[in-house]
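Peer 1: give the three-dimensional model of this entry:
(one chain, ligands or ions: 1)
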Amino acid sequence: MIEEVVEQRRMPPWHADPRYGHFANDRSLTADERARLLAWVEQGAPLGEVKDLPPAKTFQEGWSIGKPDVVFEIPEPYYVPAQGTVAYVHFRVPTNFQEDRWIQAAEAVPGDPSVVHHIVVYLMDRSETPRRGPGEHFCGYAPGEMPTVLPPGTAKKIPAGTDLIFQLHYTPNGRMKVDRSKVGFVFAKEPPKRQAYTIAIANPDLILPPQRDNVAVSSTAVLSADARLLSFMPHMHLRGKDFRYTIVPPDGAPRVVLSVPAYDFGWQTYYVLQKAIDLPKGSQIECLAHFDNSSNNPYNPDPSKLVRWGEQTWEEMMIGYVDVDVPAGSPPPIAKPDFRPAAIRLRQSAVQALLKRSVASRPAESKAAKNEAR
Ligand code: HEM
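Peer 2: Got it, this is the predicted structure:
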């Protein structure tokens, strides 16, 4: 099996075309590593000298950014029903920061990954009402995505008096589950020189006719100031086929900076550039995606449907996320997109109370289930 997945390049999982860009978190094997691994399989996978074993890697329990300086949880457990569709749920969590805080690394962690499809954590001024949209995108979690870890000297700012808005997408899986998702932050050790922003370059007007196997959808952003490009995160759903980012400097030739030729919804990967790319004001970042809405796509939930933008996995999205940085204190170099991912829906307290009661009325089983979920 190892031979098969390594030969087919299914493992280690990495979906960027090696012809474009160099990435700090590239998991793919070099030609030499691949050859050695395959030769070892060929020899019958011998154990080798036990004394030569390298020490096992150690991990901080529960976090891949190391121990966070501060952790914020959603304020109460969320009861995910066994069946049905759950619209995005939003929780508002005050940071109670008395002063601006600079964040060097951030990680959102699902309480029960079996039902948490994604988490996006937004920033919102305490005085703002959530009905105006979810606020500034700060960090997130989705299967395959890696946490936000910014290069030395760069950090994201959480201004004093900011609340976190947790956007949670739950996908029922046949058993009722209880979730308590959280986010952890590592503070920058000193004030950073540069400030990072996550920006969504999206096309909310996409239309995918039924049975079309190669529908192109593009989106573009123009930089309003000099900036550095740090990382990418292409996002589509099950009909997503490929995704490419091209930069076009104001007076230069277009250059492909990331190409994902076989997009896989199961691997929502952050592609972190080994070396940040300096972009002058006026540069364009162009995203081009293709979608397969035909029956040839084995993941297609329904090839007979005309598909538009939507929150659920059987609808579609086309978002080229980028992380960019600018001198600390400068505004984002790309205006906030004019699409609203979703109207803010508050928790349905009545439904939650019912679900909570139904958990409580199944004594032995529910206790075990609750513990397992926690
Ligand atoms: C040389 C390195 C690696 C080898 C030899 C390897 C090998 C394998 C094998 C043999 C399978 C089972 C495939 C199947 O059942 O079809 C597998 C599945 C899997 N591996 Fe790896 N793996 C490697 C690296 C990684 C890394 C770095 C990650 C995570 C970052 C990873 C995550 C997974 C996951 C999530 C699955 C289940 C995927 C699925 O069922 O679709 N693997 N791997």
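Peer 1: residues near residue 125, how many?
Peer 2: If you count neighbours by other C-beta atoms under 10 Å, residue 125 ends up with 11. Using the backbone N, CA and C atoms, a C-beta is placed for each residue, glycine as well.
Peer 1: again but with residue 94, I slipped
Peer 2: Residue 94: 12 neighbours (other C-beta under 10 Å).
Peer 1: residues in contact with residue 73?
Peer 2: Contact analysis of residue 73 by C-beta atoms under 8 Å, 6 or more residues apart in numbering lists 93, 180, 181, 182.
Peer 1: the same query, at a cut-off of 6 Å, please.
Peer 2: Residue 73 makes contacts with 180, 182, as judged by C-beta atoms under 6 Å, 6 or more residues apart in numbering.
Peer 1: name the residues linked to it by a beta bridge.
Peer 2: residue 182 (DSSP bridges).
Peer 1: got a list of what the closest residue to the ligand within the stretch 51-200 of the chain touches?
Peer 2: The minimum distance from the stretch 51-200 of the chain to the ligand, using C-beta to the nearest ligand atom, falls at residue 144 (7.8 Å). By C-beta under 6 Å, 6+ apart, residue 144 lies in contact with 267, 268, 269.
Peer 1: now with 7 Å?
Peer 2: 266, 267, 268, 269 (C-beta atoms under 7 Å, 6 or more residues apart in numbering).
Peer 1: out of the residues you listed, who's the most crowded?
Peer 2: Highest neighbour count within the contacts of residue 144: residue 269, with 23 neighbours (other C-beta under 10 Å).
Peer 1: and that one, what element?
Peer 2: Element membership of residue 269 [criterion: DSSP states H and E] is none; it lies in no helix or strand.
Peer 1: is it true that residue 285 touches residue 245?
Peer 2: Yes. Contact between residue 285 and residue 245 holds when scored by C-beta atoms under 7 Å: they sit 6.5 Å apart.
Peer 1: for residue 52, grab phi and psi.
Peer 2: phi -90, psi 0 (degrees, to the nearest 10).
Peer 1: how near is it to residue 45?
Peer 2: 15 Å (C-beta to C-beta, to the nearest Å).
Peer 1: ok, these two, which is more surrounded?
Peer 2: Remark: of residue 52 and residue 45, residue 45 carries more neighbours, 11 against 6, as counted by other C-beta under 10 Å.
Peer 1: which non-adjacent residue is nearest that one?
Peer 2: residue 2 (7.7 Å; C-beta to C-beta, 6 or more residues apart in numbering).
Peer 1: my read is that the one you found contacts residue 42, right?
Peer 2: No. Taking C-beta under 7 Å as the definition, residue 2 is not a contact partner of residue 42, at 10.9 Å.
Peer 1: more crowded one of those two?
Peer 2: residue 2 (12 against 9).
Peer 1: show me where the stretch 1-150 of the chain dips below the pLDDT cut-off.
Peer 2: Residues of the stretch 1-150 of the chain meeting the criterion pLDDT under 70: 129-135.
Peer 1: how does it look with 80?
Peer 2: 59-60, 127-135, 145-146 (pLDDT under 80).
Peer 1: grab the nearest non-local neighbour of residue 250.
Peer 2: Nearest to residue 250 is residue 282, by C-beta to C-beta, 6+ apart, at 3.8 Å.
Peer 1: could you chop the protein up by domain?
Peer 2: 2-52, 63-192+344-374 (automatic domain parsing).
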